[in-house]
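Enquirer: Predicted model and sequence below, questions to follow.
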Amino acid sequence: MCENSNLIISIGIVALNEESYLPDLLNDINNQNYEKKNIELIFVDSGSCDKTIFIFLDFKKRFDNVFHSIRVLDNLKKKQSSGWNVVISNYIGDVLLRIDAHARIPSDFVKNNVKYLKKGEMVVGGLRSVKNSQNSNWNDTLLIAELSLFGSSIAGYRRMNEEKYVNSMFHAAYKREVINNTGYFNEYLGRTEDNEYHYRIRKKGYKLYYNSEIYSYQIIRSNLRKMIRQKFLNGYWIGLTLSVCVNCLQIYHFIPFLFIMAIFFSLLLFINNISFPFFLLIGIYGMFVILNTLISFKEEKSNITTIALLYIFPLLHISYGLGTLIGIV
């Protein structure tokens, strides 16, 4: 049965070269058990070189009469933050629901967001887990690295099975009043624009309600090189954001940076014949890497390649930390 409601939900998707991921996501949207005539879709292409724009246009051609409306727009500035500003400038719904192009959503995703908005919450979101884009032993190992508290992040929206108010979230549904009072995304920022936006929302007096009944999945990068690049850029934008909004970030964002700095200073001591701090740091960190690799073998998808976490964990931490350092400098 479909959920009937007079709330018009505007779903925004900003994409750049996402032809490999959009068909599954658009299929998920088409399978929502919320009344489709109450769903507006705003697709924003950021200058893709692949078939992204054609996938959007084909979906519009096939389902334009099924949904409230479907629009395909251009993001001429190409940055993700400016893409979301295109969405904000054009959506007509009572609620704006942000969905990442690298994601999958269950059939009750929209309905569950609306459920808590109807209860009086102004911004709602929930659990963000991760999925593979390809099935192989190696990709299962990369998935374990992303799922691991040690390999990824302690951000609450990645693993909390509860309900509470939080500082930020992955996917979020915003009532129009919140958008009207908060304004546009900061287009200077790249991958931290949501942290800064949610900070401004909180400064306006609104709360971000998290409930794990609302859940979605992010599709992980398909190889280690892409994953390392992602971590580096995530760290880089954390560093740049310091000059814009210190309070937008949490201490856990800087743990890889602190690790890099600890290595640097202990090496300085080492070349000055004070070796104990360096060996202590490497010893403690090495034990954590070994322990977390052994723990990872208990994961459902563990296999012989899981042993590679012994070097995947350090690569992810170092790339993120170096990114933050370069962003700060």
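Expert: Arrived safely.

Enquirer: how about the lowest-mean-pLDDT helix or strand in the chain: buried residues?
Expert: Within the chain, no helix or strand scores below helix 137-147, which has a mean of 90 by mean pLDDT, DSSP states H and E. Within helix 137-147, the residues scored as buried using 16 or more other Cβ atoms under 10 Å are 139-147. Using the backbone N, CA and C atoms, a C-beta is placed for each residue, glycine as well.

Enquirer: in this structure, which residue is closest to the centre?
Expert: residue 170 (4.9 Å; Cα atoms, centre = their mean).

Enquirer: Give me the three-state assignment for that residue.
Expert: At residue 170, secondary structure determined by DSSP: H, G, I helix; E, B strand; the rest coil is coil.

Enquirer: hang on, the earlier thing: CSV please, covering the buried residues of helix 137-147 and showing distance to residue 319.
Expert: Below are those laid out as CSV (distance: Cβ to Cβ, whole Å):
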residue, distance to residue 319
139, 19
140, 21
141, 17
142, 14
143, 18
144, 18
145, 12
146, 14
147, 18
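
Enquirer: about what we covered before: who does the least confident helix or strand of the chain touch, helix- and strand-wise?
Expert: strand 123-131, helix 224-241, helix 309-328 (3 or more Cβ pairs under 8 Å, 6 or more residues apart in numbering; DSSP states H and E).

Enquirer: which residues touch the last one?
Expert: Residues from elsewhere that reach helix 309-328 (Cβ atoms under 8 Å, 6 or more residues apart in numbering): 141-142, 144-145, 148, 150-152, 224, 227-229, 231-242, 253-254, 256-261, 285, 289-290, 292-293, 296.

Enquirer: Could you identify the buried members of those?
Expert: Counted by 16+ other Cβ under 10 Å, the contacts of helix 309-328 give 141-142, 144-145, 148, 150-152, 224, 227-228, 231-242, 253-254, 256-257, 259-260, 285, 289, 292-293, 296 as buried.
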